[in-house]
Structures are given as structure tokens and as C-alpha cells.
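A.B. asks: Structure, please.
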Amino acid sequence: MKRFAIILLSLGLCASVQAQQETWDAQPARVQVDRDPTIVPVGKGAIFVPSMTNPIAEPMVSIYQNGRLVTSAKTGNCVLVEPGTYELKIGSGTIAQTMTRTVEVDEGHITLLEPDWCGLVIDVIDEKRTSVKESYELFYQSKLENYGIGYGADEELGEELRTWLLKTGLYKIVKTGQSFYTTVNFATVRLFPGELVKYTLVVDSETGNFIGFGVLDETSRQTRIRNWKIRSEINGSFLLNFQNTAAEKDQYTLQLLTEWYNYARYTTIYHNFFTRFIIEGGLSRRRGESFRKYGDKVELKSSYSYRFFQRVGPYVRFAFDTKFFSSKHYFDKEQDYVNAQGDTVYAASDANLSPSFFPLHLKEGVGASLSICKSLRLNASLRAGYGARQTFVRDSYLLIGNKLTPMKESHLTGMEVLLTSDARVTSRIAINSEFDMLMPKSDPNAWVYDWENRIRMFLTKWMSLDYTLDLFREEGVDELQSEHRILVRFSFVL
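C.D. replies: You can find the predicted model right below:
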């Protein structure tokens, strides 16, 4: 009877592990081990820490013996070591926040460490389902620990969403810079052992405020074919507003908006292809006015990147945006204005600004992406290449004051560079940095760049210090501009 109970318990544990690992993007742990091509030579053993997602998106595993760092490795790969006892540091956050696991390695054998930690992936999008690189902060709620800043992914550049590897428990996601105790712009998620959890954070495209968090129900709109993720949908909105106030007597406003959204992405360990095509259009009307254009956009973004040995490879990208219909500026009341020829148009109710399909904006880029360093203390990546921007116009104008000014075509080319890094300087100090630059000319005075830096110092369990330094240079502005922010966080539980 006792043996039967043990068998039932073992079967239950195996079923539980299998159910947990079915949430992974990657294959189950034992399948990963079986498919690993590493051959363990005589006198050696191996350690295998499985990956829940793409190993590139997960933090490195550091392997120690007798307090000495032996090596660091990606998840999902066999690591050859001498037989013996080892300590593994796994997880996100600072070094002090990583999880420590002890394993015994025998000669000629692969030691598989079954995950009892959790995986968390947070996709950040705006209200139009466009992936945006907005940031958020992650707290471990039971101990008030700040695990750092996470970002959405720029799919146009083929970026991967970060996978947090965390201990089990309740976590709180807040808008960057806000207190742990905030009652706005926050969300919570509970993580269980061995599971990968995927959530979507929806932010306002203008303010960055949180407007939604959870699992999007896309079963009817999204198709998965092997490594493809495809979605096509039609969205619409309708607004009818009546007013009967002292200022507006029997006034109504009607707005109609329709969007056709198409998305496709193909991802493997080495390939990343992304494309998004959006058509948007609508009408609006107020009492006493004719129907007017409300929303008009045609946008395409596509990119492809390939990684050699998962660390380096080329990328190409292309994008354009324009509109279907002509644009007008409507005056609140009839007035005079000066047209592009210098003639005065009297008592006009509107002015033509541009015809259909103009202005047309194109963007192209080609180059290479490189994972410079990926370790427990430092992660750094570089994208560098040649970029081009064109703006085509035809009979297109800007209304400045009461005068139409012709828009100018522009053709801007140059080197583009994006450098991102995050460093764990000590167990209590972390630094995040992102440097984005376009060099249209050899003259450094013409370079345009934005350099964001954030230093986080954990002073005590209840207090931390954040220092943010932003350096940026805009087109047409000679001076280097900067912004400094210091935030001291206090967390008390009464």
C-alpha cells in the first residue's frame, strides 16, 4: 500500500511538472536535454539549466565552486564542468536578489536542474495594439524589493521581450518613478513554481499611464502556425454627444472611426521577422458643419534580423506612413489668409493643406546587431548601420499664423547607432543606459542623439535612491540639453 501511494505521488508530481512546462515557449526540460548536441567527455560532467523562452531573453546563469566563479552560461545549454558540487545563481534583479541552487555533478552525466522558479514576460503596447518601448518597475511585494526596470520591445528593430526569472510570490508592476504604495498606474501578478506567465501592459500613447493589464483574449484574432504569429482585425468606434448648455444650445458631435490592423511575426532562435500594416480612417460632424475627416493614416513597418551564433547578425528595416485623403484646415469662423502664391484669400472657411498620399514619409535602415556582453554583472548590445529618411511632398503646406508656407522635401541619410546596457555594479547598485544616435553628416554638430542613464542604489531594505540623467541633442539646436532627476524612495509597513 505504501509503495502504491509513493507511485501515485510520483505520477502526480510528474503530471504537475508537465503541466507547468506546457506554459513554456521552449520545449520541456527533458526534451531540451535530449536535443542538446553536447558530448560529455571522459573525466567531465555537465550542468543543464533549461530555458522557458528564448535563451537570449533570459538572464545568464553563474556557476560557482567554493565561492569562485567558474563560468557563466545561457539557459538551455549544457555546461561542461569537473565533477563536484556547484552553486548556481539564477534570476533577475541585483546579484543579491538572484536565487542560489546547489547541484552535484557526476562524471559522464548531465545534471538537469528542474526549475522551481517562475518566468514572467510583460509585453507593453498602446491602445492601438502597437508595441512600444515604455518602461515599468517590478517589485516583489512581500519583501518590498525593487527588481528593477523592464521595457517593452521595439519590434521594428527585432528586439526580444525580456524574460524575468523570479522566485515565487506576489509581484507589483508600477509606472517608472512611482512609489510602491501608489494607488494608480499599478498592477499585480502572482507567480507559481515552474510556470511561465505572459501578461500585456497597455499604456496611454500620450501620457504613458497604465490603462490595462492582463491576458488579452486573442484566440479569435490570432493565428499561430509553427513559429508564425499572425493577426488581422477590424476595429471601430462610434461617439454621439449631445449638449444643451448656456454655451452650446442643442449641439451634437458625431465621430466615426474604423481601423484595419494587420500583424505578422516570425521568430526562432536565429530569425526575427516583423511586419505591421495599419489603415485608419473616420469622419466627424458638428451641428451646422459638414462632415470632416477624422483620422486618416496608412502605415507599414517591417524589419528582419538574423543572429549568427545567437550573438551577432545583420538587420534590415523599412517603414512608410502617409494618408489616403486630402487635408484641410478649418477656421473657427470665416477669415482672410495668404496662400502660397502670396495672394490674399478673403472670408475663407477653410484652407487646403495637402493632397491625397502626401506628405509621404519613408524610413530605411540596414546594419548589424551585436550582443556585446551577456553576463550576471553586465548585459550590453549594439545596433549600428546606415539609415535613411525621406519626406516627399506635393502641393503641401503648413499654416503659420494666417499664411500658407510650403513644406520642403527632405532626404536625410547617415549612420545610426543604438547602444543599450544594464549593469549590476555591486549587489546594491544597478545602472541602465540607452544611447540612440543618428549621424546625417560627418560634422558632429549635426548629430542627433538621446542618451538616457539611470542609477539605482539600494541603501537599506526600506530606502533606495534613483538618479536619472538624460542628455539629448535635437536637430537644429546646437546646445547639448540635459535633464536630471533624483528620487528617494521610502517604504514602511505599519
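A.B. asks: how much space between the closest residue to L465 other than its chain neighbours and S290?
C.D. replies: Leaving aside its sequence neighbours, L465 sits nearest to M457 (Cβ to Cβ, 6 or more residues apart in numbering; 4.5 Å). C-beta coordinates here come from the backbone N, C-alpha and C atoms, glycine included. Taking Cβ to Cβ, to the nearest Å as the measure, M457 and S290 are separated by 60 Å.
A.B. asks: ok but K198 is inside a strand, no?
C.D. replies: Yes. Counting by DSSP: H, G, I helix; E, B strand; the rest coil, K198 falls inside a strand.
A.B. asks: is it true that it touches V215?
C.D. replies: Yes. Counting by Cβ atoms under 8 Å, a contact exists between K198 and V215, whose distance comes to 7.1 Å.
A.B. asks: Quick check on the two: which one has the bigger neighbour count.
C.D. replies: Between K198 and V215, counting by other Cβ atoms under 10 Å, K198 is the more crowded of the two (16 against 9).
A.B. asks: got the contact list for the more buried one?
C.D. replies: 121-123, 215 (Cβ atoms under 8 Å, 6 or more residues apart in numbering).
A.B. asks: one more time with 7 Å, if that's ok
C.D. replies: If a contact means Cβ atoms under 7 Å, 6 or more residues apart in numbering, then K198 has V121 as its contacts.
A.B. asks: For it, give me the pLDDT.
C.D. replies: The predicted local confidence for K198 comes out at a pLDDT of 91.
A.B. asks: Grab the nearest non-local neighbour of R424.
C.D. replies: Of all residues not flanking R424 in the chain, R377 sits nearest, at 5.0 Å (Cβ to Cβ, 6+ apart).
A.B. asks: That neighbour touches A423, doesn't it?
C.D. replies: Yes. Applying Cβ atoms under 7 Å, one finds R377 in contact with A423, separated by 6.4 Å.
A.B. asks: joint contacts of those two?
C.D. replies: Counting by Cβ under 7 Å, 6+ apart, R377 and A423 have no contacts in common.
A.B. asks: burial of the residue nearest to R424, as a residue count?
C.D. replies: Using other Cβ under 10 Å, R377 is surrounded by 17 other residues.
A.B. asks: Can you check what pLDDT the model gives it?
C.D. replies: Reading off the confidence values, R377 has pLDDT 72.
A.B. asks: Give me the distance between it and N66.
C.D. replies: Counting by Cβ to Cβ - R377 and N66 are separated by 20 Å.
A.B. asks: do S131 as well
C.D. replies: The spacing between S131 and N66, counted by Cβ to Cβ, is 45 Å.
A.B. asks: between those two, which one's more packed in?
C.D. replies: Under the criterion of other Cβ under 10 Å, the comparison of S131 against N66 puts S131 first, with 21 against 9.
A.B. asks: For the more buried one, give the beta-bridge partners.
C.D. replies: Following DSSP bridges, S131 is listed with bridge partners I125.
A.B. asks: about what we covered before: M457 and S290: which has the busier surroundings?
C.D. replies: The residue with the greater number of neighbours, taking M457 and S290 and applying other Cβ under 10 Å, is M457; the counts read 16 against 10.
A.B. asks: List the contacts of that one.
C.D. replies: Shown in contact with M457 (Cβ under 7 Å, 6+ apart): 428-429, 464-465.
A.B. asks: Which ones among those lie within strands?
C.D. replies: Per DSSP state E, strands hold the following members of these: 429, 464-465.
A.B. asks: Could you give me the ChimeraX syntax to select whichever of those are buried?
C.D. replies: Applied in ChimeraX, the following selects the buried portion of the ones in strands among the contacts of M457 according to 16 or more other Cβ atoms under 10 Å:
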select :464
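A.B. asks: any idea which helix or strand comes after the one helix or strand in the chain whose mean pLDDT sits lowest?
C.D. replies: Taking mean pLDDT, DSSP states H and E as the measure, the helix or strand of the chain with the lowest value is helix 2-21, at a mean of 50. Downstream of helix 2-21, the next assigned helix or strand under DSSP states H and E is helix 29-35.
A.B. asks: gap between the residue nearest to R424 and L419?
C.D. replies: 17 Å.
A.B. asks: same thing with S464?
C.D. replies: The span separating S464 from L419 equals 26 Å under the rule Cβ to Cβ.
A.B. asks: for D116, what are its contacts?
C.D. replies: When contacts are counted by Cβ under 7 Å, 6+ apart, D116 touches 193-194.
A.B. asks: wouldn't I149 be in contact with A430 here?
C.D. replies: No. With contact taken as Cβ under 7 Å, I149 and A430 are classed as non-touching, separated by 8.8 Å.
A.B. asks: Please identify which of these two sits among more neighbours.
C.D. replies: Shown here are I149 and A430; by other Cβ under 10 Å, A430 has more neighbours (24 against 18).
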